[in-house]
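Asks: Next come a sequence and a model predicted from it.
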Amino acid sequence: MKLKKSGPRRVNFVKKGIVEKVVGENLYRRIDRDLRNVGGVRLFVFEVKTAEEFFSAVMVLAGFLLLIIALGIVRGISPLMLIIGAAGFSILIYVNYQKPIDEYKARLMRDSELPAVVNVLVQGLSVEMPVENILQYIAENKTGVMRDIIKDAVDRLNLGVPLEVSLQEAADKSMNKYFQRVVRVLMKSKESPRGLAAQLQDILNDIEEERLNTKMKRATLLDNGLFVVVFLGYFIPLLVMILVPLLANMGALNIFR
């Protein structure tokens, strides 16, 4: 008989209204939106895809933590050690939640998808092409996550959803500060297309500047890492090879004195 592998567990016993009263409606909506955008995250053994599941998992993990602390007090473990352990456990929960979200936000910059899309918008608006037509072109000719987000907006447009609403939903889904700026520019319907193109060009310049700064930071970190590797792998063994015989000779001279 073949056993089925058990995957991450799902928990959902916290009610939406109760959580909103405790943490606030804005925080609840932000967490729920972030989780749905990234497709969920994993908190240790729990897979959470909604705010209800997130707070349910947090409550279970908090109960487990309190149990460990109680057992530690009974066994006489130092309160300081228990506090440090509890803080470390809480940090791990936060990291497990935040890391996938940060990677989701950064992927558009890392894969050059956003700069390519903004460049198409700039070129199209420069020749006074309607925004809807430019978005349709991107949806039909580009690839990647950014294209998928814009295609969803185009599909909503085709269903009769207003341009402003479709773009705002796309901006929320992207979770990217630069694309959110792009959307705010595109919503300025009273301005000329060429004026919008100039504003988008400024955003594109900011994107490229940040990407360049990121590359320089990575290069600096790489250089520092190489220095440590070279120092540990070359200079320290070299010093040992020089100093050990020298110290041995000095010890031998002291014996004969």
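Replies: Thanks, I have the structure now.

Asks: Show me the shaky parts of the stretch 1-150 of the chain.
Replies: Within the stretch 1-150 of the chain, the ranges that satisfy pLDDT under 70 run 1-12, 109-111.

Asks: quick one, helices of the protein?
Replies: 16-23, 25-38, 51-74, 79-110, 113-126, 131-141, 145-158, 163-174, 177-186, 193-230, 236-256 (DSSP state H).

Asks: Give me the local confidence score for the residue lying closest to residue 129 once chain neighbours are set aside.
Replies: What sits nearest to residue 129 in space, not counting adjacent residues and going by Cβ to Cβ, 6 or more residues apart in numbering, is residue 193, at 7.3 Å. Just so you know, the C-beta spots here come from the backbone N, C-alpha and C atoms, and that holds for glycine as well. For residue 193, the model assigns a pLDDT of 84.

Asks: Residue 22 versus residue 193, what's the distance?
Replies: 47 Å (Cβ to Cβ, to the nearest Å).

Asks: Pick out whichever of those two has more residues nearby.
Replies: Neighbours were counted for residue 193 and for residue 22 using other Cβ atoms under 10 Å; residue 193 has more, 16 against 11.

Asks: Was I right to think that one contacts residue 123?
Replies: No: Residue 193 lies out of contact with residue 123 (Cβ atoms under 8 Å); the separation is 11.2 Å.

Asks: excluding its backbone neighbours, what's nearest residue 168?
Replies: Leaving aside its chain neighbours, residue 168 sits nearest to residue 183 (6.4 Å; criterion: Cβ to Cβ, 6+ apart).

Asks: How many residues are close by that neighbour?
Replies: A count of nearby residues for residue 183, using other Cβ under 10 Å, gives 19.

Asks: That one: what's it in contact with?
Replies: 167, 168, 170, 171 (Cβ atoms under 8 Å, 6 or more residues apart in numbering).

Asks: Give me the distance between the second one and residue 125.
Replies: Put plainly, it is residue 168. From residue 168 to residue 125 the distance is 19 Å (Cβ to Cβ).

Asks: Neighbour count for those two, which is higher?
Replies: Legend: neighbour count by other Cβ under 10 Å for residue 168 and residue 125, higher for residue 125 (24 against 16).

Asks: What is the most widely separated pair among the contacts of residue 183?
Replies: 168 and 170 (7.2 Å; Cβ to Cβ).

Asks: what's around residue 181, how many residues?
Replies: Neighbour number of residue 181 under other Cβ under 10 Å is 18.

Asks: The closest residue to it other than its chain neighbours - how many residues pack around it?
Replies: Spatial nearest neighbour of residue 181, excluding adjacent residues (Cβ to Cβ, 6+ apart): residue 203 at 5.3 Å. Counted with other Cβ under 10 Å, the neighbours of residue 203 add up to 20.

Asks: Distance check, residue 203 against residue 126.
Replies: 14 Å.
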